[in-house]
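Engineer: Turn this into a model:
(chains A and B)
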Amino acid sequence: MKKDEVGKGLFNEYRLRMGRLNSRRVFLQQCGLSLGTLALSTILPGGCVPANDINSNRSQPNSLNPLDPRNAHFAARAKSVIYLHMAGAPSQFEMFDYKPVLNELHGKECPPSLLEGKRFAFIRGTPKMLGSQSRFKQYGESGAWVSEHLPHFTQIVDDVTFLRGMYTDQFNHAPAQLMMHTGSAQLGRPSLGSWVTYGLGSENQNLPGFVVLTSGGVNPDAGKQVWGSGFLPSVYQGVQCRSKGDPVLYLGNPDGISRDVRRKAIDAINSVNKMTYEEFNDPETVARIAQYEMAFRMQVSVPEVMDISKEPDYIKDLYGVRPGKESFANNALLARKLVENGVRFVQLFDWGWDTHGVGKDTALEIGHINKCRDTDKAITALILDLKQRGLLEETLVIWGGEFGRTPMQENRNGVDQIYTGRDHHPDAFTIWMAGGGIKRGYSHGATDEIGYEIVSGKTSIHDLHATILNQLGFDHEQFTHQFQGRPFRLTDVEGEVIKDILA
Amino acid sequence: MIFLISRTISIIVRMKKTRIKYLTKFLKFFGLLIIIVLIVRTYNGSSAQIDYNADVKPILNQHCISCHGGVKQSNGFSLLSRTDALAPTDSGKPAIIPGLPDSSEFIHRILSNDPDERMPYEKEALSGEEIGILKKWVKQGAEWGIHWAYRPVQNPLGASNDISMMSAGAVSPDVDQSFIDDYVLQKLKSVGLSMNPEASRPELLRRVSYDLTGIPASDDLVKRFVVDQSIGFEEVVNELLNNQSYGEKWASMWLDIARYADSKGFERDQNRSIWAYRDYVIRSLNSDLPYDQFIIEQIAGDLLDHPTDDQLIATGFHRNTTTNDEGGTDNEEFRIKAVMDRVNTTWEGLLGTTMACVQCHGHPYDPFPHETYYQSFAFLNNTRDADTHPDYPRLNFLDSSSQKKLKELTNWVAEQTTSEKADEIEQFVKVVQPVIYSLEMDDFDNSELYDTKYLGLRKNGWARIPHVDLEEKTVLLIRGVGSRTGGQLSLHLDGPGGLVIGTKNIPKTKGYHIIEIPLAETEGTHDIYVHYKNSSLESRDIPGLMIDWLYFTSAFPGANKQGHRRNKDFFYELISRHHDHTLIMTENPPERQRKTHVFDRGNWLIKSLEVQPNVPKVLPQIETKNQVPRLAFAEWIADEGNPLTARTFVNRIWEQLFGRGIALTTEDLGSQGSPPSHLELLDHLSYFWMHDQDWSIKELLKAIILSKTYRQSSYISENALIKDPDNIFLSRGPRVRLSAEQVRDQALSISGLLSTKMYGPPVMPFQPEDVWQTPYNAQKWSMSPGEDQYRRAIYTMMKRSSLYPSMETFDLSGRQVCVSRRIRTNTPLQALVTLNDPVFVEASEHLAKKMMEEGGKDISDQIAFAYCQGMHKEISPGKLDIMINLFKTTMNELQSENDSELSLNRELAMTTVANAILNLDEFLNK
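Structural biologist: This is a model prediction of the structure:
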C-alpha cells in the first residue's frame, strides 16, 4: 500500500464517487455540547495534574481541564508571549551591536590574551579579527544603532528594549537551544512555553495553549525537546502547527466524512461514555466526554485561525506573507492571530542563522543578509500590527538566538576560509524584547569595544526567564513543580528579574 | 511491637495453611490490641519515644532544611545528619546538645520572641505541637533514624522463620499470597472503606490481558474463561504469562527506564542501531530471567566470565545515553554527560533514588553528601565509549560470508598457534576493542579533528596520542582513509621530532582500510607522535589521511606459514568493514584508566577531590573482591541485602498494575518522595519476591494479580470517591487509560491487522509527511513494507527529537533520560488521533469488514461482535441502540443510487461505527 493510501481506501472511493455526483453535502456545523449538561465542576480533579504537585502557593482550580485559565502569583503585565527564536545564533555584529573599534582591528591577528582559557567550537590556533560586515546608523529617539540590513526594523527601535549583555554557558547549538528554552542544557526539562501554559492555562479552549511554528526548512537543532513538556504532563507541550496538510496533525476528518457524520459519531461516543460513567463513576470519563467536544470544536477553530488568506491585503503586504508556503512572514502573522485569539504562548523558530562562513548560505556577506531580508519586514510588521490593535501592551515579544558570535573570523580546522563568518560565542550576545510591560526605546547592558566580553548589565538566561515569568505574574522562585523528590523551577536555583527594563 | 507480633502470628498461621477463619479470629484479636496500644500510648504520652522519621523529619524538612541542610548550611549549622547537627556551628558551639533542650541553641531559637533570632527566620513560627516534638526529641538524645527505604528489607516472619527455608522443602511453590489482601483490608478498615466485590469475568479478563500482554484476550480464551467458564482465573494468568506478547508488553516499562531509543538524541539525531538491546529485554522477560541476573547483565555483562553475546548486548542498557554529533562539540563534555546520565539512571531506575541533585551539592534532604555522586560516577567512568561518531564500542553481527571468513581465519590461527589466540582474534573481530580513537589525540600541528570526530592529517602535520603502552607491541593497525597518493606516515616517540619507531607509505584508498605499521621494539609507556608527509599535496590545507582508530598490538600470527597472507587479509577486512551491530560496554585497558574527581558544583571543568568507587555510607557496604568495580557495583545492586533494589522494582510493578505505586513516586523512595501507603505490604512483597520467588518477575506479577485486591471491580462508590479519589487505599480495582502502545496495539489487534512478527530492526508504520525535519540529517521516514506496517508499537522507530506523533500524543515518553513513570493525560488531541489518524481509520475499516464478515447477519450482531472483541462481553441494549442509530443516521447521510453504492455505503457506515467503538471510553481504559 502506498503512503497516501493508508486508511483511505474506502473513503477515497467514496470521495471520488461524491465528486462524480457533484455533491456538496459537506457542511460545517458549529455546535456546543449536545449532551445533557454534566456537572463538570462538581467532580474531583482528574489525573492530569499530578497528585504530589506542590505547585507554589496558589490553588489549582477544581477542574478536569488542565488548560483552564488560572491566576498567577500577582497581577500580570503580559497575557501572552511571542518568542521569535533565530536558530543558529544571529551575529550581533551585523545587526545591533555597533563596534567601530573592531572595524579598525579588522584583519589583525587575535591577541593570545583573548584566546586563553576559552573553548571554541571551530576556531583553532590564532584567528584574525573580523570587523562588521554591515554599515550602521542611529535611528529613532533612542538613537539605537541598527545595521543597514534591517531597514524595516528602524521603524520600531523605539518600541523595543535591547539586552546587549546576554550570555550563556553553552557553545553548541543543541545544548544552547535547550538552555535558552528549558533553562537547562540537559535533556528532559520542560520548555518555557510549557511552564507558562502549566501555570496559566489558556484563554481559548478551542485552540492549543502553546503553539509552535517553524520556518527555514528544518526544526531547531535541539529538536522538539525545545517545546517539550519534560516532566510536566504532555498536555503542556507545544503543538506544532504546520504549513502543509492539516495545520495540526490528525485535525481533519478522513475525506468523505462530513462534519455532520463526525458530529453524530461524537454524539454516539459520548452517549455511550455517559453510560460508562454511570457504570463506573470515573471522573476521567467525564473529562473524556469534554475532550471529544473540544476536539470537535478545534476542527473548526484551528483551520480558521491558521487561515491567513482572509486577512486584508494591507496586512498581507505589511508582513510580506506568502500564503501556502512555509515562511517566517506567514508565521509572524499567525503569531499575531493566535495571541489575538487567546493562545498563551506562541513560539517561532526560524532556522538558518549559523553564519560560520563555510559556504554561501552561512556567509555574513550572503546568507546572513538573506536571513535578515526574510525576517526584517515581518518582525517589524508584527510589532506594528500588535501595536495598532492594542495588543502589544499585553503581549511580550522576545527576539534572539541561543548564543552570540565571535569578533574573530572563523578558521575551521585551522584553515583560512573564503567567506566571512564567525564562530559560536557564548560570552556575549544581543536579544531584544518588546511589549508586555517592557520599557520602550531602551538598551540594557553593554559589551567591550570589540563586543567580546560584557562590561555592564550582564544577563543570564535564568535572569531572562525570571523576567518573562515576572511579566506574566509569577515569582520565578515560587513557581515550582515537584519531581524526583525536589521542587524544580525554570530558573533552577538562579535568576533575578531584570528590573531595569521594566516599564 | 505488639502490632508486629500479632501480624506475624497471623502470617505464620496462614503459612501453615490453616484456614481463613483462624485468621479472622486473629484479626479480631489484633484489632483489640491496636486499641490497647493506642490507649497505652496516649496515657504515656509524655514519655513516649519520639520517632525521628515519623515525627521529627517532616518538621525539619518543611521548616529548617532549606537553610540548614545539604545545599545551604546557614551559620555553619546543618540538620542533614546527626554528626553535622552536633558539630560546632559558626558560633563555635554546637546548636544541639543531646539530652539538654534548654541548653540547645536550636530550641532556644525556635522559642525566641526576638524576630532577629527566631527561627524559621522571617517565616511563621513553629506550632506549639511542633516545638514540643523537637524539644522532646532533643531531650531523648536527638537520635537520627534511618529513612524507611534505607533500612534492610526484614523477614516479615522474624529472623527465626526464614521463608526461603520453609519453602525449600515442605511448601509448594504456589505460595499463598493472601497476605497482600490482609494488609490492604487492614488499611481499608482503618479509613472506613471496604473492598469492592470481585470484577466480572469479562472485566477481569480485559484487565489482566492488557496488564500481561498489552492486547485483548484471544477468542479462545474468552470462550473458555467467560463463555464456558471452563477454566479459572489462575489458568488465565498462567496462559497469558506464557504468551510471547508478555515480553512485548512489559518491555515498554523497562525501555522507559533504560531510555531506549533508535537515535542518538542531539541535533543531527542520527539513527542508532541498538535494537538488539530491545530484543534482549523482550527475550529476558519472556524467559523470566531472574531480576538480579537481569540487572547484573545490563550493568556489567561484559565483565562476566566469558560473556555470551546476550550478556554483551545487555550492556546496551547504559549505551542508550544520548551522544552529540554536532560539529564543534567537546567530546569529553558529552562523554561526561553520558556517564552522569548513567549514574542518574542507575540510581533512579534501579534504586529508586534521585541522585541528580547530588551532582552539584550534597543532597538537601537525604544522607548523600556531594562526593557520593562521584563515588558512583567512578564505578562507571572507565568504559570505552567516548561520544565517538560511530558510537564505539559495538558488538558486530557478521553476515554469513563474513562468518565463513572468520571461521576459516580462526581455524587457521588455532592451527598455527593456540586456540586462545584464535579466541582473541575472534573477540577482536566481534568487538574491535581496545582501540584508541582519533578523538583521544590531544595535540595537533597542521592536523585537526575534522567535525571534531576524525583526525585529518595535512601536509607535514602531526598529532599526539598520549600514553600508549608499547610493551610487546610490534605492530600498529590504523583504520583510515588515504585521500592522496604519495603519503608517508612516521611514528615518533615522546616528541614530534623524537625517535622514529615505525614508518609506512600511505597510498590513496577506496574508503576505510587497515594500515599496518611494524614497530621497533620499545619498552614502557610513551606519547606517540603521528607525522604525515606528502609532497604531492598542493596545499597545506588539505588532509591527505583521515584516521578513525589506532590499535597497538602484536603481529598477526603465523608469519612465513602457508595461508598467512590470505588470513591476515581476512582479518583486516573483517575489522575494517562495516557490520550490522549493537552498542555495548567494554572496560578501559589498564593504561587508559581514568581518575574520578568531584566536580565543583557539578562543573566538569573544575575538578576537586579525587574519589574512589564507593557506595553511600547509609547503605550496605560494597565488597569489591578484586573485581572490576563496575561488576562489584552491579552485584551490590542485585544483592538481597540491598534495601532499595527490590522495593524499587516491586513498587514499579505495582504502579504498572494499579496505575499508582505503593509509594507514588516510583523515581524516588527518599524522604522527599511520597511516603508509601502500605509500607509493610511493600516490604513483605519485596522480601517474598527476593527470598521465596528468587527474583522471578512472572511469579511476582502472578502473586499480585491473583490477590483479591487486584481482582476487585473498578466501580467507584460515592464513599470511595470522597475518601479515596485516587485509589490510594485500593478500595477498587484499577481503571486507567491504556498506554500509548496499547492504544495502537488494541486498534490493530481488534481489527485483525496486528502482525505477530517479533524482534528485529525498528519499523516505520504510516506517519504523516514532513514530521521528520532534522537539521544536517537526510534520513527519511520511509514506510516499512508489508506486515511491518502493523507490528506491535514496541517495534516502532523511536527517534528522540521527533517521536512517532500519535503515540507522543498518548504520553509516550521522549526517553532522553530515565523515565520512571509516564504522567497520563486526557486531551482533545488524543481524540483527534483515534478519530482521524489514518492508522486508526484503516483499522476501523478493517474492523468494519471483519464485523460484516464474521459478526453475523444483523447490524446489531455485527456491532455486538466488535464490542465483544475488546470488552469480552455482550454489549448492553442501551449502548447497542446508540450504535445502531449511528449506523442508520450515517447511512441516511450517504447517498446511494444503486446496489453497489449501497454496499459501499454500508461498509462506510460500519466503518464509522467501528471507529466510534475504538473511541469509546471503555476501549481506551483497561
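Engineer: Buried residues, the longest helix along chain A. List them.
Structural biologist: Counting residues, the longest helix in chain A under DSSP state H turns out to be helix A:283-306. Buried residues in helix A:283-306, counting neighbours by 16 or more other CB atoms under 10 Å in any protein chain shown, are found at A:283-302, A:305-306. No exception for glycine: its C-beta is placed from N, CA and C like everyone else's.
Engineer: and residue A:102, what are its phi and psi?
Structural biologist: Here is the backbone geometry of residue A:102 (degrees, to the nearest 10): phi -60, psi -40.
Engineer: same thing with residue A:90?
Structural biologist: Residue torsions, per degrees, to the nearest 10, at residue A:90 are phi -70, psi 150.
Engineer: For burial, what's the neighbour tally of the residue in the stretch 751-900 of chain B that chain A sits nearest to?
Structural biologist: Using CB to the nearest CB, the single residue of the stretch 751-900 of chain B nearest to chain A is residue B:801, 2.4 Å away. By other CB atoms under 10 Å in any protein chain shown, 31 other residues sit near residue B:801.
Engineer: about what we covered before: which of the buried residues of helix A:283-306 come close to chain B?
Structural biologist: A:283, A:284, A:285, A:287, A:288, A:289, A:291, A:292, A:294, A:295, A:298, A:299 (CB under 8 Å from any CB of the partner chain).
Engineer: quick one: which of these is nearest to residue B:611?
Structural biologist: In terms of CB to CB, no member of those lies closer to residue B:611 than residue A:284, at 48.0 Å.
Engineer: how about the helices of the stretch 201-350 of chain B, start to end?
Structural biologist: Here the stretch 201-350 of chain B has its helices, by DSSP state H, counting those that start in this stretch, at B:201-212, B:219-222, B:233-242, B:245-257, B:275-286, B:291-300, B:309-314, B:331-345.
Engineer: can you redo the ones you listed as JSON lines with mean neighbour count and mean pLDDT?
Structural biologist: As requested, the helices of the stretch 201-350 of chain B are exported to JSON lines (neighbours: other CB atoms under 10 Å in any protein chain shown; pLDDT from 0 to 100):
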{"stretch": "helix B:201-212", "mean neighbour count": "22", "mean pLDDT": "98"}
{"stretch": "helix B:219-222", "mean neighbour count": "16", "mean pLDDT": "96"}
{"stretch": "helix B:233-242", "mean neighbour count": "17", "mean pLDDT": "98"}
{"stretch": "helix B:245-257", "mean neighbour count": "23", "mean pLDDT": "98"}
{"stretch": "helix B:275-286", "mean neighbour count": "23", "mean pLDDT": "98"}
{"stretch": "helix B:291-300", "mean neighbour count": "24", "mean pLDDT": "98"}
{"stretch": "helix B:309-314", "mean neighbour count": "22", "mean pLDDT": "98"}
{"stretch": "helix B:331-345", "mean neighbour count": "22", "mean pLDDT": "95"}
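Engineer: The residue of the stretch 751-900 of chain B closest to chain A against residue B:265, yeah?
Structural biologist: Yes. At 7.2 Å, residue B:801 and residue B:265 qualify as touching, with contact defined as CB atoms under 8 Å.
Engineer: where does chain A dip in pLDDT?
Structural biologist: For chain A, the stretches with pLDDT under 70 are A:1-64.
Engineer: Pop the domain breakdown of it in here.
Structural biologist: A:76-235+A:326-503, A:245-323 (automatic domain parsing).
Engineer: Of these, which stretch is the most buried?
Structural biologist: Mean neighbour count (mean count of other CB atoms under 10 Å in any protein chain shown) peaks for domain A:76-235+A:326-503 among the domains of chain A, with a mean of 22.
Engineer: Can you give me the end-to-end span of that domain?
Structural biologist: 13 Å (CA to CA, to the nearest Å).
Engineer: Let me know the pLDDT of whatever residue of the stretch 301-450 of chain B ends up closest to chain A.
Structural biologist: Using CB to the nearest CB, the single residue of the stretch 301-450 of chain B nearest to chain A is residue B:328, 2.6 Å away. At residue B:328, the predicted lDDT confidence score is 87.
Engineer: Look up the closest residue to it, ignoring the ones flanking it.
Structural biologist: residue A:121 (2.6 Å; CB to CB, 6 or more residues apart in numbering or on different chains).
Engineer: residue contacts, that neighbour?
Structural biologist: A:171, A:172, A:423, A:424, B:327, B:328, B:329 (CB atoms under 8 Å, 6 or more residues apart in numbering or on different chains).
Engineer: same question, residue B:645
Structural biologist: B:292, B:295, B:350, B:351, B:637, B:638, B:639.
Engineer: Please apply the same query to residue B:187.
Structural biologist: B:677, B:678, B:729, B:730.
Engineer: Phi and psi next, for the second one.
Structural biologist: Backbone dihedrals for residue B:678, given as degrees, to the nearest 10, come out at phi -140, psi 80.
Engineer: can you give me the strands in chain B?
Structural biologist: Secondary structure of chain B by DSSP state E: the strands cover B:394-397, B:436-437, B:443-450, B:454-469, B:475-482, B:487-493, B:500-506, B:513-518, B:525-533, B:545-553, B:580-583, B:596-599, B:607-611.
Engineer: same question, the stretch 301-450 of chain A
Structural biologist: For the stretch 301-450 of chain A, the strands defined by DSSP state E, counting those that start in this stretch occupy A:345-351, A:395-400, A:404-409, A:422-425, A:429-434, A:442-444, A:446-447.
Engineer: between these, which gets nearest to residue B:89?
Structural biologist: strand A:442-444 (41.0 Å).
Engineer: chain center to stretch A:76-90: distance?
Structural biologist: Distance, stretch centre to chain centre, for stretch A:76-90: 6 Å (CA atoms, centre = their mean, to the nearest Å).
Engineer: Kindly report the domain assignment for chain B.
Structural biologist: With domains defined by automatic domain parsing, chain B comprises B:49-145, B:251-391+B:591-637, B:413-578, B:738-809+B:826-926.
Engineer: The ones you listed: lowest mean pLDDT?
Structural biologist: With a mean of 86, domain B:49-145 has the lowest mean pLDDT of the domains of chain B.
Engineer: Tell me which residue in the stretch 51-200 of chain A sits closest to chain B.
Structural biologist: Distances between the stretch 51-200 of chain A and chain B by CB to the nearest CB are smallest at residue A:121, namely 2.6 Å.
Engineer: distance of that residue from residue B:604?
Structural biologist: Distance, residue A:121 to residue B:604, using CB to CB, to the nearest Å: 17 Å.
Engineer: I'd like the distance from the residue of the stretch 51-200 of chain A closest to chain B to residue A:219, if you could.
Structural biologist: Computed as CB to CB, the residue A:121 to residue A:219 distance reads 20 Å.
Engineer: Just the CA atoms of stretch B:280-298, as CSV, please.
Structural biologist: Once non-C-alpha atoms are left out, stretch B:280-298 reads as follows in CSV (Å, rounded to 0.1, in the frame of the first residue of the first chain):
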residue,chain,number,x,y,z
TYR,B,280,17.2,-8.8,24.7
VAL,B,281,14.8,-7.1,27.1
ILE,B,282,11.8,-8.8,25.5
ARG,B,283,13.5,-12.2,25.4
SER,B,284,14.7,-11.9,29.0
LEU,B,285,11.2,-11.1,30.2
ASN,B,286,9.7,-14.0,28.3
SER,B,287,12.3,-16.4,29.6
ASP,B,288,11.7,-14.9,33.1
LEU,B,289,15.4,-14.2,33.7
PRO,B,290,15.6,-13.5,37.4
TYR,B,291,15.7,-9.8,38.1
ASP,B,292,19.1,-9.9,39.9
GLN,B,293,20.7,-11.5,36.9
PHE,B,294,18.9,-9.1,34.6
ILE,B,295,20.5,-6.2,36.5
ILE,B,296,24.0,-7.6,36.6
GLU,B,297,24.0,-8.4,32.9
GLN,B,298,22.8,-4.9,32.0
